[in-house]
Structure formats: structure tokens, C-alpha cells
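Engineer: Model the following, please.
(one chain, ligands or ions: 1)
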Amino acid sequence: MGKKNKQFVENVTAMEDDFARWYTDVVKQADLVDYGPVRGTMIIKPDGFAIWENIRDELDRQIKATGHSNVSFPLFVPERLLQKEKDHVEGFAPEVAWVTHGGEDKLAERIAVRPTSEALFSDYYSKNIHSYRDLPMLYNQWANVVRWEKTTRPFLRSSEFHWQEGHTAHATDADASEETDRMLGVYADVVENYLAIPVYKGRKTDKEKFAGAKYTLTIEALMHDGKALQSATSHHFGSGFAEAFDITYLDENGESQFVHQTSWGLSTRIMGALIMVHGDNRGLVVPPQIAPTQAMIVPVAQHKEGVLDKAYDLRDEMKDLVRVGIDASDKKPGWKFNEYEMKGIPVRIEMGPKDIEKDQVVLVRRDTGEKEFVARTDLEARLPVLLDEIQQNLFDKALAHRVEKTSVATDMDEFKQTLDQKSGFIKAMWCGDMSCEEKIKEDTGATSRLIPFEQESIADTCVCCGKEAKELVYWAKAY
Ligand SMILES: [Zn+2]
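Structural biologist: Next comes the predicted model:
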């Protein structure tokens, strides 16, 4: 980076120096969030929310395309409902925010601000599912939830966050399994093809699964600093909640059966992944598929006659083709270049008097910094192709990074050494014993991220205890 360029990004710590500070600097300088007045809460600002809306819109489209309906359930959960499923309440109890008063009056029963809504949906299903004809019930809601976190960071861990939570009820265990798989597939599609983030797919160990679930499926991504981030999860509940909430239906033979449920969620945490996978020392890098502005026109020497008119003409020509913006403010072009690089806008279109004379524009890619001169007549064909190339390049770069940082270990010395030197994912065999999982976490700081769907045999014995190995697990330090 040249000296001249560097002065514009002096507000951002280099990621090599301090990744955590780099992250908070980018979040702030790219104008994504501000801190709320209650500790751990965040205000998502227009530039941040516009990205989230694009993620949300695509995910919502796919949720509906797979047969689900959106609903809106209450913010409040009575304590007695939360208490019904034992594992569930134990899992969430330390993070629940309680309402104890209404105005001046103490409430007879505490009310939880929803940390998640299984209890509410289960209560509803117990009253509204009667017959096999009512199944499946395929609901989703876009909501905010509260979890009283001790340490918080914008997007990654905040006391209140936005997400969607799908809650479904099915006649059979097999139907619920299919649904659990299907929704993990939807998440993987959105995260890989829209956010350009490659993910590993698999199942959580019992230690890491959702409180109250029979099993949890997950997609995990690798951040730039070599740590993993759980990007979305899909849970199979079996009939656990159905038994706790007495959710039954009459089957075709008139016999009473418990339903089988699932839930699945993707939250604003994914914004953290977006920043930490694609961002660089010049700021945010937003994949074109979800970028609110895909190309920003910056007129050069705009005080010269005709430049602004031509720039607006260009905007009007492009606006049905791509999401295009124009900055005709009187700030200097250099300031604008750096501002839109900081905000991660995929392409900058420069146009000055010389370009107008030659009937061309200059395209500058955010991901590589490469410049190309394109004739005005070719722009309509070139720009969408360039955006696709950027999208693909971001995915390929992230994938190459993950390949580089996915290692194999067959004993604990190798495990520790690799984790210290390379970070990233460690593939190692596991005996299935939770005590080994705990010991690995204690000794190395790495947690089991997933049991991959595609199993390989790396060794015959558990990496930790040396007993017979049951399955391959991907381990990593994680957010
Ligand atoms: Zn073991």
C-alpha cells in the first residue's frame, strides 16, 4: 500500500496487528452499527441494515419457496412455558432477561423476553394441531430475540439480535429429518452463493447441540484470522417438545401420536462472518449479490462542463441493469474513492473529461483494486459480467484460505502444534466420549465444530485418548 493511500485508512488497525481491533474499526468506519444505550445492544445503521435486508430477502424467498409461511409470535414467554422442556430451560436460563413488573405492579409470574421461541410455538401447536390433516405445520418468523450475554461484540455476540426462526411440526420422525436437512441446504445455498462464504456441513456433537434437540445440524465458516464461526443451525427435536407440551394428532387410523418438530435459524451474526471473511485493511468487501450498491459512479473533475450531466446519464442507463449509485457531492474524488472502498462497494466507475472525450469509463474492482478502461458502448455487457467475476473471486479466495487452513492431526502433540502454527480447522478422529471433547477444549481452546456429513478415516484411534475412533470431527477455535 502506497503512502498516499495509507493516510485514508489510518482509522483502521491493520488486521495483521490486531484482528479484534481491525474488526471493530471496520464496523465503525464502514458505518454499519453504533452501540445502543444498554450494554451489549446495537443500533444497525442504514448501510448495515441494507446488507442485512438483502441477505434476509433472499433467505425469505427460499424459505417461502420451500413451503413455509411467515408468522409473528409475541416477544414475551411466560415462565411456566419456558420451564416445560427441562434441557431447553437449563440451556437458556443463564441468558434470559426477565420482566418482573408491569408499570408499578409486580407481576404474579415472571415473563421472559424470548431468547428463542420453541416454547411459544410448541404451546400454540398443542392447541392447534389435531389431525394428520393439520400436518406438516411449516412456520417461520423474522424477529429480534434477547440473550443476556456477558461479553458482547457488534453482530458476533449482542444482547439483542435479529434473525429468522423456523418452527415446524411433522407427522413422522423421517419427515422432520428431511426438513432439518432441507433447511440446512437452504442456509448453505444462501451463505455460499450470495455471501460467497464456503461452509462445512455436518452435525454437532451432543455437547454442542441445541438445548432440547435430538440433534443439531450446522454450517461452519472460516474467518480470516483462522477462527471458525457457526453460521446457521437446523435442529431436529424428535418428539421431545411434543411430549413436554402434549402436542398430539390423530393419525389416519384414529390413533393419537406425538408430532415431530424442527427449528432452524440464521441471525445477524452472519454479518460478522461477512466482515471477517472478505474484509481487508481498506475496510469492508461486500459480495455483489448482496451489495446494496453494486457500482458507485464517481465523477472526476466534475466542475468541468458536461461531466455531471454525463455522469447522471450513465446512472440512468445503468440503473435497471445493476444497483448503481452516484456521488456528485463536492467532496474530493480521492475522499470518495476511499469512502466507497471502506464501505466495500464492489465496483467504482470513474468518469472525467478525458474519459468523456474517449467515450469510455474506468472500472475499479474493490476485491483486487484492478482498473480497466471500458468503452461506453461495451459497459452494459461488461459490468454484470465483472460483478459475477468479483462474486466468484471472493468465494474462490475464501475457499483457498480454508483449504490452506484445514489440517489433519492424529495425536495431541500434532493437534496443538498445528493449531498454534496454522490455526483453522483440524480434522481429527474422536471416540465419541464427551470427556475427550472437554479435554481437547481445555488443553487447546479448540471446540468440536462439526461431525462432517462426508466422513473420512484418518486414523483408527481417538486423537485424545487413543481408544477406538468412532467418527471424524472438525475442530477449531471459534467465535
Ligand atoms: Zn477419546
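
Engineer: count of neighbours near Ser448?
Structural biologist: Using other Cβ atoms under 10 Å, the number of residues around Ser448 comes to 24. The C-beta positions use only the backbone N, C-alpha and C, and glycine is treated the same way.

Engineer: ditto for Phe92
Structural biologist: 21.

Engineer: same thing with the one 10 residues further on?
Structural biologist: Burial of Gly102 is recorded as 9 neighbouring residues (other Cβ under 10 Å).

Engineer: Those residues of the chain touching the ion, which are they?
Structural biologist: Contact residues (Cβ under 5 Å from the ion) of the chain with the ion: Cys431, Asp433, Cys436, Cys462, Cys464, Cys465.

Engineer: Quick one: buried ones out of the residues you listed?
Structural biologist: Cys431, Cys436, Cys462, Cys464 (16 or more other Cβ atoms under 10 Å).

Engineer: ok so, going back, of the residues of the chain next to the ion, closest to Gln421?
Structural biologist: Nearest to Gln421 among the residues of the chain next to the ion: Cys464, at 19.5 Å, using Cβ to Cβ.

Engineer: Pretty sure Arg449 sits against Lys227.
Structural biologist: No: using Cβ atoms under 8 Å, Arg449 is not in contact with Lys227, being 10.3 Å away.

Engineer: So for these two, which sits in the more crowded spot?
Structural biologist: Using other Cβ under 10 Å as the criterion, Arg449 and Lys227 rank with Arg449 on top: 26 against 20.

Engineer: immediately after the helix or strand the more buried one falls within, which helix or strand?
Structural biologist: Arg449 is part of strand 447-452, with elements assigned from DSSP states H and E. Helices and strands here follow DSSP H and E; after strand 447-452, the next one along the chain is strand 471-476.

Engineer: which outside residues touch the strand holding Arg449?
Structural biologist: Strand 447-452 is contacted from outside by 200-205, 207-208, 218, 220, 228, 230, 425, 430, 437, 440-441, 471-478, using Cβ atoms under 8 Å, 6 or more residues apart in numbering.

Engineer: out of the residues you listed, which are inside strands?
Structural biologist: Those of the contacts of strand 447-452 mapping onto strands are 200-203, 218, 220, 228, 230, 425, 430, 471-476, per DSSP state E.

Engineer: Nearest to His170, out of the residues of the chain next to the ion: which one, please.
Structural biologist: Asp433 (32.0 Å).

Engineer: Not counting sequence-adjacent ones, nearest residue to that closest one?
Structural biologist: Cys465 (6.9 Å; Cβ to Cβ, 6 or more residues apart in numbering).

Engineer: centroid residue for this structure?
Structural biologist: For the chain, the residue nearest the mean C-alpha position is Ile270 (1.9 Å; Cα atoms, centre = their mean).

Engineer: so after the helix or strand hosting that residue, what's the next helix or strand?
Structural biologist: Here Ile270, judged by DSSP H and E, is contained in helix 269-278. Remark: after helix 269-278, the chain's next helix or strand is strand 295-299, criterion DSSP H and E.

Engineer: so where do the strands sit in the stretch 301-450 of the chain?
Structural biologist: 324-326, 347-351, 360-365, 371-375, 406-408, 425-430, 447-452 (DSSP state E, counting those that start in this stretch).

Engineer: between these, which gets nearest to Pro288?
Structural biologist: Among the strands of the stretch 301-450 of the chain, strand 347-351 comes nearest to Pro288, with 7.9 Å by Cβ to Cβ.

Engineer: who does the closest one touch, helix- and strand-wise?
Structural biologist: For strand 347-351, the contact count by 3 or more Cβ pairs under 8 Å, 6 or more residues apart in numbering; DSSP states H and E identifies strand 295-299, helix 307-318, helix 333-342, strand 360-365, helix 376-404 as packing neighbours.

Engineer: let's go with 7 Å and repeat that
Structural biologist: With contacts taken as 3 or more Cβ pairs under 7 Å, 6 or more residues apart in numbering; DSSP states H and E, strand 347-351 sits against strand 295-299, helix 307-318, strand 360-365.

Engineer: coming back round to it: any residues in contact with both of Arg449 and Lys227?
Structural biologist: When contacts are counted by Cβ atoms under 7 Å, 6 or more residues apart in numbering, Arg449 and Lys227 have Ala476, Ala478 as shared neighbours.

Engineer: From what I see, the residue nearest to Asp433 and Met429 are in contact.
Structural biologist: No: Cys465 is beyond contact range of Met429, at 10.6 Å (criterion: Cβ atoms under 7 Å).

Engineer: any low-confidence regions in the stretch 1-150 of the chain?
Structural biologist: Across the stretch 1-150 of the chain, the ranges flagged by pLDDT under 70 are 1-9.

Engineer: can you pull out the strands in it?
Structural biologist: Assignment of strands within the stretch 1-150 of the chain using DSSP E, counting those that start in this stretch yields the ranges 33-35, 42-44, 69-70, 76-78, 97-102, 105-113, 137-146.

Engineer: Relative to Gln261, which of those is closest?
Structural biologist: strand 137-146 (9.1 Å).

Engineer: Dump the C-alpha coordinates for stretch 22-29 into PDB.
Structural biologist: C-alpha atoms of stretch 22-29 as PDB (Å, rounded to 0.1, in the frame of the first residue of the first chain):
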ATOM      1  CA  TRP A  22      -9.500  -4.300  13.000                       C
ATOM      2  CA  TYR A  23     -13.000  -5.800  13.200                       C
ATOM      3  CA  THR A  24     -14.400  -3.100  15.400                       C
ATOM      4  CA  ASP A  25     -12.700  -0.400  13.400                       C
ATOM      5  CA  VAL A  26     -14.200  -1.600  10.200                       C
ATOM      6  CA  VAL A  27     -17.700  -2.000  11.700                       C
ATOM      7  CA  LYS A  28     -17.400   1.600  12.800                       C
ATOM      8  CA  GLN A  29     -15.700   3.200   9.800                       C
END
